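Visitor: fold the following.
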Amino acid sequence: MEHRTMTDVWAYRNPGWLDDDLTGYEIEAADGDIGKVDECNREVGASYLVVDTGPWIFGKKVMLPAGVIQDIDHDSQRVFVDRTKDEIKNAPEFDEARYREPLYRDELGDYYATRAADRGF
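Guide: Residues are numbered from 1 along each chain as shown. Alright, predicted model coming up:
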(Lines give C-alpha, C1' and ligand atoms only; values in the text may rest on other atoms or scores of the structure.)
Protein backbone atom coordinates (compact mmCIF):
# COMPACT_ATOMS: atom_id res chain seq x y z
CA MET A 1 0.00 0.00 0.00
CA GLU A 2 1.12 3.53 -0.76
CA HIS A 3 2.03 5.80 2.17
CA ARG A 4 1.68 9.56 1.62
CA THR A 5 3.87 11.92 3.64
CA MET A 6 3.38 15.62 4.22
CA THR A 7 6.07 16.27 1.62
CA ASP A 8 4.48 14.26 -1.18
CA VAL A 9 0.91 15.26 -0.40
CA TRP A 10 1.73 18.34 -2.53
CA ALA A 11 2.85 16.23 -5.50
CA TYR A 12 0.68 14.67 -8.21
CA ARG A 13 0.67 10.86 -8.10
CA ASN A 14 1.01 10.88 -11.87
CA PRO A 15 3.74 13.36 -12.93
CA GLY A 16 2.00 13.69 -16.32
CA TRP A 17 -0.81 15.58 -14.58
CA LEU A 18 1.57 18.52 -14.08
CA ASP A 19 0.85 19.40 -17.71
CA ASP A 20 -2.92 19.59 -17.13
CA ASP A 21 -4.82 22.78 -16.37
CA LEU A 22 -7.75 21.50 -14.33
CA THR A 23 -9.46 24.88 -13.91
CA GLY A 24 -13.22 24.44 -14.35
CA TYR A 25 -13.17 20.67 -13.82
CA GLU A 26 -15.73 19.13 -11.45
CA ILE A 27 -14.37 17.57 -8.23
CA GLU A 28 -15.71 14.21 -7.11
CA ALA A 29 -14.96 13.15 -3.53
CA ALA A 30 -15.14 9.49 -2.51
CA ASP A 31 -18.81 10.02 -1.63
CA GLY A 32 -20.02 12.64 -4.11
CA ASP A 33 -19.61 15.97 -5.86
CA ILE A 34 -18.00 18.88 -4.01
CA GLY A 35 -17.61 21.66 -6.59
CA LYS A 36 -15.41 23.00 -9.38
CA VAL A 37 -11.74 23.84 -9.63
CA ASP A 38 -11.31 27.61 -9.31
CA GLU A 39 -7.50 27.61 -9.36
CA CYS A 40 -4.93 25.01 -10.36
CA ASN A 41 -1.31 25.33 -9.23
CA ARG A 42 1.07 22.96 -11.01
CA GLU A 43 4.33 23.83 -9.28
CA VAL A 44 6.46 20.70 -8.78
CA GLY A 45 6.18 19.55 -5.15
CA ALA A 46 3.77 22.37 -4.26
CA SER A 47 0.74 21.60 -6.44
CA TYR A 48 -2.81 22.18 -5.27
CA LEU A 49 -6.37 22.89 -6.37
CA VAL A 50 -8.61 25.60 -4.97
CA VAL A 51 -12.19 24.38 -5.23
CA ASP A 52 -15.32 26.54 -5.21
CA THR A 53 -17.80 24.39 -3.31
CA GLY A 54 -20.87 26.35 -4.39
CA PRO A 55 -23.91 25.51 -2.24
CA TRP A 56 -22.30 22.39 -0.72
CA ILE A 57 -20.68 24.37 2.11
CA PHE A 58 -22.29 27.75 1.61
CA GLY A 59 -20.15 28.93 -1.28
CA LYS A 60 -16.84 28.55 0.52
CA LYS A 61 -13.63 27.47 -1.12
CA VAL A 62 -11.38 24.61 -0.07
CA MET A 63 -7.77 23.90 -0.94
CA LEU A 64 -6.80 20.36 -1.90
CA PRO A 65 -3.17 19.26 -2.14
CA ALA A 66 -2.49 17.53 -5.46
CA GLY A 67 -1.61 14.29 -3.65
CA VAL A 68 -5.28 13.62 -2.84
CA ILE A 69 -6.10 13.35 -6.56
CA GLN A 70 -6.80 9.73 -7.38
CA ASP A 71 -7.65 10.10 -11.07
CA ILE A 72 -8.56 12.62 -13.75
CA ASP A 73 -11.06 12.07 -16.55
CA HIS A 74 -10.43 14.67 -19.23
CA ASP A 75 -13.39 13.56 -21.36
CA SER A 76 -15.89 14.38 -18.61
CA GLN A 77 -13.66 17.08 -17.07
CA ARG A 78 -13.79 15.43 -13.63
CA VAL A 79 -11.14 15.11 -10.95
CA PHE A 80 -11.56 12.23 -8.50
CA VAL A 81 -10.10 12.62 -5.01
CA ASP A 82 -9.58 9.92 -2.39
CA ARG A 83 -11.17 11.85 0.47
CA THR A 84 -14.76 11.99 1.70
CA LYS A 85 -16.83 15.14 1.83
CA ASP A 86 -16.51 15.18 5.64
CA GLU A 87 -12.72 14.90 5.49
CA ILE A 88 -12.61 17.82 3.08
CA LYS A 89 -15.13 19.86 5.05
CA ASN A 90 -13.18 19.29 8.30
CA ALA A 91 -9.84 20.38 6.83
CA PRO A 92 -8.32 23.66 8.00
CA GLU A 93 -10.46 26.46 6.63
CA PHE A 94 -9.36 28.01 3.34
CA ASP A 95 -7.71 31.36 4.01
CA GLU A 96 -7.60 33.59 0.93
CA ALA A 97 -4.97 35.80 2.54
CA ARG A 98 -2.63 32.98 3.65
CA TYR A 99 -3.06 30.05 1.29
CA ARG A 100 0.26 30.63 -0.46
CA GLU A 101 2.20 30.94 2.81
CA PRO A 102 4.36 28.01 3.96
CA LEU A 103 2.84 27.88 7.48
CA TYR A 104 -0.71 27.55 6.14
CA ARG A 105 0.40 24.93 3.63
CA ASP A 106 2.18 23.02 6.45
CA GLU A 107 -1.05 22.97 8.49
CA LEU A 108 -3.10 21.77 5.53
CA GLY A 109 -0.45 19.30 4.39
CA ASP A 110 -0.21 17.84 7.89
CA TYR A 111 -4.00 17.39 8.02
CA TYR A 112 -4.16 15.55 4.69
CA ALA A 113 -0.99 13.49 5.32
CA THR A 114 -2.38 12.39 8.71
CA ARG A 115 -5.70 11.40 7.10
CA ALA A 116 -3.80 9.43 4.45
CA ALA A 117 -1.84 7.57 7.13
CA ASP A 118 -5.08 6.84 9.02
CA ARG A 119 -6.53 5.31 5.85
CA GLY A 120 -3.42 3.27 5.05
CA PHE A 121 -2.15 5.34 2.12
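
Visitor: in space, what's closest to the residue most central in space within the chain - neighbours in sequence excluded?
Guide: Nearest to the geometric centre of the chain sits L64, at 2.1 Å (CA atoms, centre = their mean). In this structure, L64 finds its nearest non-sequential neighbour in L49, 4.7 Å apart by CB to CB, 6 or more residues apart in numbering. All C-beta spots, glycine's among them, are computed from the backbone N, C-alpha and C.

Visitor: isn't that neighbour right up against G24?
Guide: No: taking contacts as CB atoms under 8 Å, L49 lies outside contact range of G24: 11.2 Å.

Visitor: mutual contacts of these two, please.
Guide: Counting by CB atoms under 8 Å, 6 or more residues apart in numbering, the common neighbours of L49 and G24 are V37.

Visitor: helix or strand for the residue nearest to L64, which one?
Guide: Assigning secondary structure by DSSP states H and E places L49 in strand 48-52.

Visitor: ok, the residue nearest to D31 when sequence neighbours are not counted to P55 distance?
Guide: Excluding the flanking residues, the one nearest D31 by CB to CB, 6+ apart is T84, at 5.0 Å. Note on T84: its distance to P55, by CB to CB, to the nearest Å, is 18 Å.

Visitor: next: Y48.
Guide: If you go by CB to CB, the gap between Y48 and P55 works out to 23 Å.

Visitor: neighbour count winner among these two?
Guide: For Y48 versus P55, the count of surrounding residues by other CB atoms under 10 Å is larger for Y48: 24 against 7.
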